[in-house]
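Undergrad: Generate a structure from the sequence data that follows.
(2 chains)
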Amino acid sequence: MSSTEQSSLDEIFDADIVAKAENLMERYPQSRSALLPMLHLVQSVQGYVSQEGISFCGRQLGLSDAEVTAVATFYTMYKRRPCGEHLVSICTNTLCAALGGDAIYKAVQEHLGEDGKPLGHNETVGEPGSKGSITLEHAECLAACDLGPVLQVNYEYFDNQTPEKTIALVDALRAGKKPAPTRGAPLTDFKGAELQLAGFFPEDPIQYRADVDGPSQAVETLRGAQIAQDRGWTAPVIEDVPLPEVQKK
Amino acid sequence: MTADPITPVLTKRWLSPNSWQLKTYERLEGYTALRKALKGTPEQLVQLIKDAGLRGRGGAGFPAGIKWSFMPQNEDKPHYLVINADEGEPGTCKDIPLMMADPHSLIEGCIIASYAMRSHHCFIYVRGEALHCIRRLNAAVREAYDAGYLGVDILGSGFALDITVHAGAGAYICGEETALLDSLEGRRGQPRLKPPFPAAAGLYAAPTTVNNVETIASAPFIVNGGADWFRKMGREKSPGPKIFSISGHVELPGQYECPLGTTLRELLDMAGGMKDGIPLKFWTPGGSSTPMFTSAHLDTPLDFEGAAEAGSMLGTTAVQVFNETVSVPWAVMKWTQFYEHESCGKCTPCREGTYWLAQILERMVAGNGTEEDIDTLLDVCDNIFGRSFCALGDGAVSPIVSGIKYFRDEFLALCNTNKASKPELVGARA
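TA: Numbers count the residues shown, from 1 in each chain, chains lettered A, B, ... in the order given. A predicted model of the protein is given here:
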C-alpha cells in the first residue's frame, strides 16, 4: 500500500474506527473471524462497502484486497453502492408474496420511482446518505411469517403491512420522520444499524435501554402462550429430579 | 397421561413484561438449572440429554445427546460450541421470537451445553437481519457476565466460559453447519466436505458442536425436569414440546408450542381455522425445503417419523398454510427463485440446476411452457437431488417434485393454454 493510499484510509476511518476494528479482532481466537463484523463496521462509516473499506479490512487483518472482496461480494447485506439514509427491505418470498408482499413491493417501486420509471432493486431515491433518502430492496424470507406481509427498515420490523401502510411509511421516511417499528428499536439510520451489527451499542445508558427494550411482544408471537393461559393448558409440572447416574470411566 | 394441546415450556415466560431482562428471568426459575448442572459432571449431562431423547430443532432432527457425545473427552485442542441462529428457511420464524422474548434461556442453555462438552468459548451466529435479537442477546450476555453466570469461575464452580454474539450478513447457506463455520472464520459461507465432521474438525479445525437455538434453549428445562418429564410430551421417538409457527391463510397465525406429533387439524383448530373459510390447498410441515402436503395430510402426526412416513420431513415445524386462491406453479416458482438466489455456487448441480429450474418455471408461469417442461423439471431435479454438496440442493427440489406430484394438472393447465400458439423453445434444450 502506498503512503497516499494509507493516508486516505486514515482520513476515512479515524482512530475510533481503528480502535473498534482492533476490539473486534480481540473477540475471536483467530482474527480473521472479525472480518464479517468489520465489514459491517466500514459500512457504518460510509453507508456501503467501498474499495477503501475493503482495503481497510485487509490492512487490519493482513488479507489481500482480493481475499476481502471475495467475502464482501458473497453476502447480500454488504452493499456495493452508497445506500440511502434508510434501507427498506420488503419480503417477497412465497408466503409474504401470497399475502400481498409482491403488491406492496410493486406499489412502493412505482411510488418512489421518478419520471414514470419504477425504483429498482438496490436503487436509491434521493442523494445517497442525505436526509430522507431511501434504498429499496426486495428481500428473502425475513423470518416473521406469522406477521406477514413484513418489511424491515434498517433491519427493524414493520409487521402486517399493506400497500397503503407501506406507502405512508416511506413517505414519512422521505420527509425526514422516523416512524416507530412494530418490533425493534427506535429508528436511527442504516449506518447506525450497521454499527450495532458490527457489535457496538449505544454508550448512553438511556438510549441503550430504550433500544434493548424496544417492543417485541406482538400478538402473533404470544398467541399460543396466551391461548394456553386462557384455557388453563400447561406443560406437565416440573419436579426436581437428580441427574442420571453414570459409571465412572 | 396425555399432555395438554399447548404445552408452554420455551414460550412460558413470553407473556411476562420485560421477559428478556435478567431480573424477570431469575424470578421465573432462571439459572436454577445452571446451578444444578454445575454440581453434576459433563457425562451426567450428556446422558440426561440422551435419555430425554431431545432431537435437533434446526430441521434434521439428529439426537442432541448423541451429537454431544461425539465431542472428545480430552482437551488437547480447545472445544467450541456454536449456536446456529441463522434462521432463514422460508416459513421458519421460531428462533427469532425466542431470542427476542427469552434470550437468557438460550444463554443458560449455552452454558450448560458448553460445560457438558468442555467448551470454554461459545459463539452465537445470528442472522444479520435479526438486529433486535442481536441487541437483546448482547444485552443478555452483558447481564450474565455482570451476574457471574459467564466469565471465569462461574458461580464458584471453577468452570469458565465466554460467549460471543456474531452477526451474519445475509446468506441462507450459512444455516448449513459447515458453511456457518466457514463464515464464522471470516470466509465465504460455503459448505465443507464431511467427514471430517465438526466434532472432529470444526471451527479452526478444533472439536466443535453446532446446535440450533431451540435445541439448546430446551436444555435448562430438561436439566430441571428430567428425561421422564420431557417425555411426557410428544411421542416416543420424537419427545418434547416444539414451537409450531403457523403462518399464511389462517385466522390466528402465530407461535404455538405443542407436543411433537400434533396434527395440522389440531393446529388449525387452535389457530381459528382457515382464513375467511376459504379451503386449504397445500401446506408445508417445516419450511419450503420440506415437500408440501395437501388436505389429505390433515391428520398426519407432525413429528420426525410421522412427517417422513407421509413423504415429507418435519423440518423446522414452519407450517405455511395456503388456501385455494394460490397457484401451486407460482408458489413453486417463487421458492425456486429463492434457492437460485441462495445457492452458494460451490457445486455444479445446485448452481446450474437451480438456475435452469427457475427459468423453466418462470416460462411456465408466464404461459409459455410446454408439457415437456414438466419432464425437464423432474429430470433436472433428479440430477440435483442427492448429487449436491449439501442439503440446499435437496431442499430446492422439494417444492417442485412434491408440487408436480400433487398438482400436476395445474402445471399441465398452464401449458395447455399455450398449445394453440407456437410454443417457445424450451430454455433448457437450447
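Undergrad: Now for residue 73, how many residues are close by?
TA: Using chain A. Residue A:73 is flanked by 13 other residues according to other C-beta atoms under 10 Å in any protein chain shown. Placement of C-beta: from N, CA and C, glycine included.
Undergrad: Sorry, I should have been clearer: chain B.
TA: Counted with other C-beta under 10 Å, residue B:73 comes out at 10.
Undergrad: ok, and the closest non-adjacent residue to the residue nearest the centre of chain A?
TA: The centroid of chain A falls nearest to residue A:155 when counting by C-alpha atoms, centre = their mean (3.6 Å). Nearest residue to residue A:155 in three dimensions, chain neighbours excluded: residue B:131, at 3.9 Å (C-beta to C-beta, 6 or more residues apart in numbering or on different chains).
Undergrad: Burial check on that neighbour, number of neighbours?
TA: Around residue B:131 there are 23 residues (other C-beta under 10 Å).
Undergrad: Tell me if I'm right that residue A:76 and residue B:170 touch.
TA: Yes - contact criterion C-beta atoms under 8 Å: residue A:76 and residue B:170 qualify, at 3.9 Å.
Undergrad: Now do the phi/psi pair for the residue lying closest to residue A:187 once chain neighbours are set aside.
TA: Nearest residue to residue A:187, sequence neighbours excluded (C-beta to C-beta, 6+ apart): residue A:178, at 4.1 Å. Main-chain dihedrals, residue A:178, degrees, to the nearest 10: phi -130, psi 80.
Undergrad: In contact with whichever residue of chain A sits closest to chain B, which residues?
TA: Going by C-beta to the nearest C-beta, chain B is nearest to residue A:223 of chain A, at 3.0 Å. When contacts are counted by C-beta atoms under 8 Å, 6 or more residues apart in numbering or on different chains, residue A:223 is found next to A:146, B:252, B:253, B:254, B:255, B:256, B:271.
Undergrad: tell me which of those is nearest to residue B:388?
TA: Comparing these against residue B:388 with C-beta to C-beta places residue A:146 closest, at 30.3 Å.
Undergrad: Run a quick neighbour tally on the closest one.
TA: 32.
Undergrad: Pull the contacting residues for it.
TA: So residue A:146 contacts A:220, A:221, A:223, B:93, B:245, B:246, B:247, B:253, B:254, B:255 (C-beta under 8 Å, 6+ apart).
Undergrad: quick check, nearest of these to residue A:238?
TA: Of all those, residue B:255 has the smallest distance to residue A:238: 21.2 Å, by C-beta to C-beta.
Undergrad: what ranges do the strands span in the stretch 251-400 of chain B?
TA: Remark: strands assigned in the stretch 251-400 of chain B by DSSP state E, counting those that start in this stretch are B:254-259, B:280-284, B:293-294, B:318-323.
Undergrad: Mean pLDDT for those strands - can I get that in a markdown table?
TA: Formatted as a markdown table, the strands of the stretch 251-400 of chain B follow (pLDDT from 0 to 100):
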| stretch | mean pLDDT |
| --- | --- |
| strand B:254-259 | 98 |
| strand B:280-284 | 98 |
| strand B:293-294 | 98 |
| strand B:318-323 | 98 |
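Undergrad: Let me see the confidence value for the residue nearest to residue A:155.
TA: Looking at residue B:131, its pLDDT is 98.
Undergrad: Show me what the residue of the stretch 201-350 of chain B found nearest chain A is bridged to.
TA: When scored by C-beta to the nearest C-beta, the stretch 201-350 of chain B has residue B:254 as its residue closest to chain A, at 3.0 Å. Judged by DSSP bridges, the bridge partners of residue B:254 are residue B:246.
Undergrad: Equivalent analysis for the one 5 residues further on, please.
TA: Legend: beta-bridge partners of residue B:259 under DSSP bridges are residue B:241.
Undergrad: was I right about it contacting residue A:236?
TA: No - the pair residue B:259 and residue A:236 fails to qualify as a contact (C-beta under 8 Å) at a distance of 10.0 Å.
Undergrad: what do these two both touch?
TA: Counting by C-beta under 8 Å, 6+ apart, the common neighbours of residue B:259 and residue A:236 are B:3, B:7, B:233.
Undergrad: How many residues are close by the second one?
TA: Neighbour count of residue B:7, defined by other C-beta under 10 Å: 26.
Undergrad: Contact partners for it?
TA: By C-beta under 8 Å, 6+ apart, the neighbours of residue B:7 are A:228, A:233, A:234, A:235, A:236, B:233, B:241, B:257, B:258, B:259.
Undergrad: Repeat the analysis, applying 10 Å as the threshold.
TA: Contacts for residue B:7 (C-beta atoms under 10 Å, 6 or more residues apart in numbering or on different chains) come out as A:224, A:228, A:233-236, B:232-234, B:240-242, B:256-259, B:262.
Undergrad: Can you tell me the SS state at it?
TA: coil (DSSP: H, G, I helix; E, B strand; the rest coil).
Undergrad: do the first one as well
TA: When the structure is split into helix, strand and coil by three-state DSSP, residue B:3 lands in coil.
Undergrad: Quick check: it touching residue B:241?
TA: Yes - Residue B:3 is in contact with residue B:241 according to C-beta atoms under 10 Å; the separation is 8.0 Å.
Undergrad: Looking at residue A:76 and residue B:170, which one has more neighbours?
TA: residue B:170 (22 against 19).
Undergrad: what's that one in contact with, if anything?
TA: Contacts of residue B:170 by C-beta under 10 Å, 6+ apart are A:74-78, A:89, A:139-140, A:155, B:86, B:88, B:127-129, B:189, B:342.
Undergrad: I'd guess it is in a strand, am I close?
TA: No - according to three-state DSSP, residue B:170 belongs to no strand; its state is coil.
Undergrad: what's the distance between it and residue B:338?
TA: According to C-beta to C-beta, to the nearest Å, residue B:170 and residue B:338 sit 13 Å apart.
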